[in-house]
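In: give me coordinates for this.
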Amino acid sequence: VQLQASGGGLVQFGAFLGLSCVASGLLISRATMAWFRQAPGTEREFVGYTDWRTGASPVLAESVKGRFTISRDNARNTVYLQMNSLKPEDTAVYYCAANRGSKYEFWGQGTQVTVSS
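Out: Numbers count the residues shown, from 1 in each chain. As a prediction, the model looks like this:
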């Protein structure tokens with residue numbers, strides 16, 4: 001199983017950025033697909049998740065609700081994180097992860113997002 005995250009970069013305060021996570025070796029329609037982030041010197045933080053199996057809308061952390069959205073394309077086996085109104089505190093390495101059972105067992109390599117003030 002591989003999760004390939006991409007789309008990070010350096011942007012200015014208030015800008016938008018879209019991340020992608022392409023999965024291989026598993027079907028995202030049969031897993032909970034999540035985004036996490038980790039800033040230097042901090043613990044990994046949950047950003048949000050989507051689970052096709054439940055039919056529910058994606059769930060987002062309070063810190064990003066209203067600014068970030070999670071979507072998916074099952075045909076492309078890809079999950080997206082659209083980030084709007086970016087703030088310097090959103091600066092982090094962003095990871096996608098997959099949970100097929102009780103824990104997030106698969107992780108991507110991470111993509112750096114840097115927001116300048």
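In: residue nearest the centroid of the protein?
Out: Residue closest to the mean C-alpha point of the chain, counted by CA atoms, centre = their mean, is W35 at 2.9 Å.
In: just give the nearest non-adjacent residue to that one, would you?
Out: Nearest residue to W35, sequence neighbours excluded (CB to CB, 6 or more residues apart in numbering): V47, at 4.1 Å. Just so you know, the C-beta spots here come from the backbone N, C-alpha and C atoms, and that holds for glycine as well.
In: list the contacts of the one you found.
Out: A34, W35, F36, R37, L60, A61, V64, F68, L81, Y94 (CB atoms under 8 Å, 6 or more residues apart in numbering).
In: which of the residues you listed are buried, as a ChimeraX select command?
Out: Buried residues within the contacts of V47, by 16 or more other CB atoms under 10 Å, are selected in ChimeraX with:
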select :34,35,36,37,60,64,68,81,94
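In: adding pLDDT, secondary structure and distance to G18, write the contacts of V47 out as TSV.
Out: Formatted as TSV, the contacts of V47 follow (pLDDT from 0 to 100; DSSP: H, G, I helix; E, B strand; the rest coil; distance: CB to CB, whole Å):
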residue	pLDDT	secondary structure	distance to G18
A34	98	strand	17
W35	98	strand	12
F36	98	strand	17
R37	98	strand	15
L60	97	strand	15
A61	97	coil	18
V64	97	coil	14
F68	98	strand	10
L81	98	strand	7
Y94	98	strand	11
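In: and whichever strand or helix holds Y49, which residues are buried?
Out: Here Y49 sits within strand 45-51, counting by DSSP states H and E. Using 16+ other CB under 10 Å as the test for burial, strand 45-51 gives F46, V47, G48, Y49, T50, D51.
In: just the CA atoms of it, as CSV, please.
Out: Output in CSV follows, covering the C-alpha atoms of strand 45-51 (Å, rounded to 0.1, in the frame of the first residue of the first chain):
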residue,chain,number,x,y,z
GLU,A,45,-2.8,17.1,14.6
PHE,A,46,-5.9,15.7,13.0
VAL,A,47,-7.2,17.8,10.2
GLY,A,48,-10.2,15.8,8.8
TYR,A,49,-11.4,12.6,7.3
THR,A,50,-13.8,11.1,4.8
ASP,A,51,-15.3,7.7,4.8
